[in-house]
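Enquirer: what's the 3D shape of this:
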Amino acid sequence: MELNLQRPLLFFDIESTGLNIASDCIAELSFVKVFPGGETRIKTWRFKPWDYVNRCQYPIAPQASAVNSLKDEDLAGEPRFADCVEEVVSWLEDADLAGFNSAKFDLPMLAEEIERVRTFEGKDIDIDLHSKLMVDVQNIYHFMEPRNLKAAYRFYCGGEDFENAHTAEADTVATYEVLKGQLDMYQDKLKNDVQSLAAIGGRPRTVDYAGRLYLNDEGEAVVSFGKHKGKTAREVWNTEPSYFAWIEGGDFTLDTKRQFARLKAQFQKERKEALNRPATSDELQGLRDKFSMGKLF
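Expert: Predicted structure coming up:
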């Protein structure tokens, strides 16, 4: 069954130097962009992983190389992610997202690479991945048939393994085929639209990908760790604004720092607006009452 799309859906997969989102890098990135009507475009990049602090190539961990077969020498002549970021963003900007187990790793890793370019290269990149719908095909798979991409492909796509597993492009194309197979198999249970598919497994209530901030039932950002665990970010800002500076200088992902900085800017704006607004009639009357109590005659 073909996808019922109102806007493009971008399937993506990442091969990385390791599993630490805060320090590891994207080595290979593949996009399969599906448009309303079924047109499909594919783009794959290989990048030289880059250490922005030390200005040198970032090494691939042996454990990662054993899985994705990429080696440092394979990538030494490739462009950095920062060199291609405008093209990457142009593929992202008008689309919702889809992947296999991508909400937990690939999406945070992609967001972190973009933040590094913003922070260390000074590029003004106008993209907010948090605002996009994310269809995680693994969530649907586990929801309907509680296992990995290879098994999903066998189950939904004719019983055979696909070739070149653990290359970004093969994994991305296979994920697209699996989602179409799921829509065929569960026509009576799955609604063929991106908003419904993205909701399977529950929409994340985290503000940042690392989960240091989450939304409570009132939609307020709440700190999830440390001495302020359970307090709203607004409450922390009002009582200990220096905590936000500690986050900025601490060992946190750039995405986490960006979300704290965004909240700080929001709270500062609200305070400035409150100080500059005219007093209400009730506030003025309260002041009159307060001073009239001290009259001597």
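
Enquirer: now name the helix or strand holding D74.
Expert: Here D74, judged by DSSP states H and E, is contained in helix 72-75.

Enquirer: contacts for that helix next, please.
Expert: Contact partners of helix 72-75, identified using Cβ atoms under 8 Å, 6 or more residues apart in numbering, comprise A27, R46, F47, K48, P49, Q57, P59, I60. Just so you know, the C-beta spots here come from the backbone N, C-alpha and C atoms, and that holds for glycine as well.

Enquirer: pLDDT score for F297?
Expert: Per-residue pLDDT puts F297 at 44.

Enquirer: can you pull the pLDDT of the residue nearest to A233 when sequence neighbours are not counted?
Expert: In this structure, A233 finds its nearest non-sequential neighbour in A221, 4.3 Å apart by Cβ to Cβ, 6 or more residues apart in numbering. If you check A221, the pLDDT there is 96.

Enquirer: which residues touch A221?
Expert: The contact partners of A221, by Cβ under 8 Å, 6+ apart, come to V207, L213, Y214, L215, T232, A233, R234, Q259, L263.

Enquirer: distance of the fifth one from A27?
Expert: What that stands for is T232. For T232, the distance to A27 equals 39 Å [Cβ to Cβ, to the nearest Å].

Enquirer: more crowded one of those two?
Expert: Between T232 and A27, A27 has the larger neighbour count (other Cβ atoms under 10 Å), namely 28 against 17.

Enquirer: check which helix or strand covers N238.
Expert: Using DSSP H and E, N238 maps to helix 233-239.

Enquirer: please apply the same query to D255.
Expert: Element membership for D255 (DSSP H and E) is helix 254-276.

Enquirer: got the CA coordinates for that helix in CSV?
Expert: Extracted C-alpha coordinates of helix 254-276, given in CSV (Å, rounded to 0.1, in the frame of the first residue of the first chain):
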residue,chain,number,x,y,z
LEU,A,254,24.2,20.9,22.6
ASP,A,255,20.5,20.2,22.0
THR,A,256,19.9,20.2,25.8
LYS,A,257,21.8,23.4,26.1
ARG,A,258,19.8,24.9,23.3
GLN,A,259,16.5,24.0,24.9
PHE,A,260,17.5,25.5,28.3
ALA,A,261,18.7,28.6,26.5
ARG,A,262,15.4,28.9,24.6
LEU,A,263,13.5,28.7,27.9
LYS,A,264,15.8,31.3,29.5
ALA,A,265,15.1,33.7,26.6
GLN,A,266,11.4,33.0,27.0
PHE,A,267,11.4,33.7,30.7
GLN,A,268,13.5,36.9,30.3
LYS,A,269,11.1,38.2,27.6
GLU,A,270,8.1,37.5,29.8
ARG,A,271,9.7,39.3,32.8
LYS,A,272,10.6,42.3,30.6
GLU,A,273,7.1,42.5,29.3
ALA,A,274,5.6,42.2,32.8
LEU,A,275,7.8,45.1,34.0
ASN,A,276,6.9,47.3,31.0
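
Enquirer: just the buried positions in it, please.
Expert: Across helix 254-276, burial judged by 16 or more other Cβ atoms under 10 Å covers L254, D255, T256, K257, R258, Q259, F260, R262, L263, K264, F267.

Enquirer: could you point out which element follows the helix holding D74?
Expert: Criterion used, DSSP H and E; the element after helix 72-75 is helix 81-92.

Enquirer: outside of that next one, which residues touch it?
Expert: 10, 25-26, 29, 31, 33, 43, 45, 47, 50, 113-114, 116-117, 120-121, 123, 125-127, 129, 132.

Enquirer: what's in contact with whichever helix or strand E113 is part of?
Expert: Per DSSP H and E, E113 falls inside helix 106-116. For helix 106-116, contacts defined as Cβ under 8 Å, 6+ apart pick out 12-14, 16, 21-22, 24-26, 29, 52, 81-82, 85, 89, 97, 99, 125, 127, 129-130, 134, 209-210, 253-255, 257-258.
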